[in-house]
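Peer 1: Got a sequence here, can you build the structure:
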Amino acid sequence: MVMLELENVETCYGTIQALFGITLNCDQGQVTTLIGRNGMGKTTTVSSIIGTLSCSAGEIRFRDEVISGRPAYEVAQRGIGLVPEGRQVFPNLSVRENLIATAANYSDSDDPWTLDKVLDFFPRLAERLDNQGSQLSGGEQQMLAIGRALMLNPRLLILDEATEGLAPLIRQEIWRRLEQLKESGLTILLIDKNIDEMAPIADRHFIIEKGQVVWQGDSDALTDDAELKARYLGI
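Peer 2: Numbers count the residues shown, from 1 in each chain. So this is what the prediction gives:
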């Protein structure tokens with residue numbers, strides 16, 4: 001089943017066009033990645049999906065329902081959770097308050113994510129439960145941002161720059177947790193620059209260049225093609 005589908009999506013910032021007919025899909029239970037150099041339209045694509053930017057053309061469907069044109073809160077209520085670039089945790093709220101602030105069960109799960117379940121998943125957060133968001137390390141803030149998104153009980157989890165700026169050991173922990181989420185059946189759309197670490201858990205990749213999808217394929221095809229990575233990813 002296709003969970004999320006973008007068809008010929010165009011998005012502008014005022015009179016400046018940023019996306020030029022983006023077409024991609026995320027299948028249920030799979031990890032799909034959107035990759036490319038900085039400034040090529042990845043975050044704009046995410047913003048278009050979650051409703052913080054309006055599409056000027058094309059259509060976005062989630063579970064066969066058109067969501068393009070809907071406000072961001074309605075998109076979230078349909079079961080899309082976002083871990084934004086830069087984490088954006090609430091700096092003056094405690095870890096506990098960050099996690100429960102927007103908690104919901106948008107997927108109507110019989111075994112929903114709760115505060116205790118998130119703390120079991122990220123034990124480090126349990127140790128910092130009463131600390132403010134501003135008192136956490138970058139890695140702890142990313143765990144908190146993921147935990148906050150999981151507290152929505154989403155059907156689709158989007159992570160924009162999942163491991164950017166994190167130390168290698170923390171990156172490895174984040175990848176392990178994402179693999180566990182995939183094994184649980186959660187559908188994931190992932191943006192990250194660490195191709196070699198991302199490839200083992202990903203099912204399909206879309207490369208974006210100047211607001212257009214220029215390549216799609218599986219992890220073997222991506223990692224085996226040095227010319228492709230050099231041309232579009234600078235690797």
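
Peer 1: Going by C-alpha atoms from here, please, whenever you check contacts or count neighbours.
Peer 2: Will do.

Peer 1: neighbouring contacts of the longest helix along the chain?
Peer 2: In the chain, with assignment by DSSP state H, the single longest helix is helix 168-183. The contact list for helix 168-183 (Cα atoms under 8 Å, 6 or more residues apart in numbering) reads 29-31, 121, 139, 143, 162-163, 188, 197-198, 201.

Peer 1: Look up how far residue 170 lies from the residue nearest to residue 154 when sequence neighbours are not counted.
Peer 2: Closest residue to residue 154 apart from its sequence neighbours, by Cα to Cα, 6 or more residues apart in numbering: residue 79 at 4.3 Å. Residue 79 sits 27 Å away from residue 170, going by Cα to Cα, to the nearest Å.

Peer 1: the more surrounded of those two?
Peer 2: Remark: of residue 79 and residue 170, residue 79 carries more neighbours, 20 against 17, as counted by other Cα atoms under 10 Å.

Peer 1: can you tell me the distance between the two ends of stretch 127-138?
Peer 2: End-to-end span of stretch 127-138 (Cα to Cα): 15 Å.

Peer 1: what's the answer for stretch 17-37, then?
Peer 2: By Cα to Cα, one end of stretch 17-37 lies 18 Å from the other end.

Peer 1: buried stuff in that stretch?
Peer 2: The neighbour-count check on stretch 17-37 (16 or more other Cα atoms under 10 Å) flags 18-36 as buried.

Peer 1: hang on, residue 119 packs against residue 126?
Peer 2: Yes - with contact defined as Cα atoms under 8 Å, residue 119 reaches residue 126; the gap is 5.2 Å.

Peer 1: who's more crowded, the two?
Peer 2: residue 119 (21 against 16).

Peer 1: With residue 215 as the reference, measure out to residue 228.
Peer 2: Plainly put, residue 228 is 9 Å away from residue 215 if you go by Cα to Cα.

Peer 1: Correction: the previous question concerned residue 31.
Peer 2: In this view, residue 31 and residue 215 are 17 Å apart by Cα to Cα.

Peer 1: What segments of the protein are helices?
Peer 2: Under DSSP H, the chain gives helices at 42-50, 72-77, 95-100, 115-121, 123-127, 138-150, 168-183, 195-198, 219-223, 226-232.

Peer 1: which one of those lies closest to residue 84?
Peer 2: Ranking those by proximity to residue 84 (Cα to Cα) places helix 138-150 first, at 7.8 Å.

Peer 1: Please enumerate residues in contact with that closest one?
Peer 2: 81-84, 87-89, 95, 98-100, 102-103, 113, 118, 122, 124-125, 133, 157, 162-163, 165-167, 170, 174.

Peer 1: how far out from the middle of the chain is that helix?
Peer 2: Chain-centre distance of helix 138-150: 12 Å, with Cα atoms, centre = their mean, to the nearest Å.

Peer 1: Touching, residue 217 and residue 204? I think so.
Peer 2: Yes - Residue 217 lies in contact with residue 204 (Cα under 8 Å); the separation is 5.6 Å.

Peer 1: more neighbours, these two?
Peer 2: Neighbour count, other Cα under 10 Å: between residue 217 and residue 204, residue 204 has more, with 22 against 12.

Peer 1: for this structure, which spans come out with low pLDDT?
Peer 2: By pLDDT under 70, the low-scoring segments of the chain are 235.

Peer 1: Done for today, thanks.
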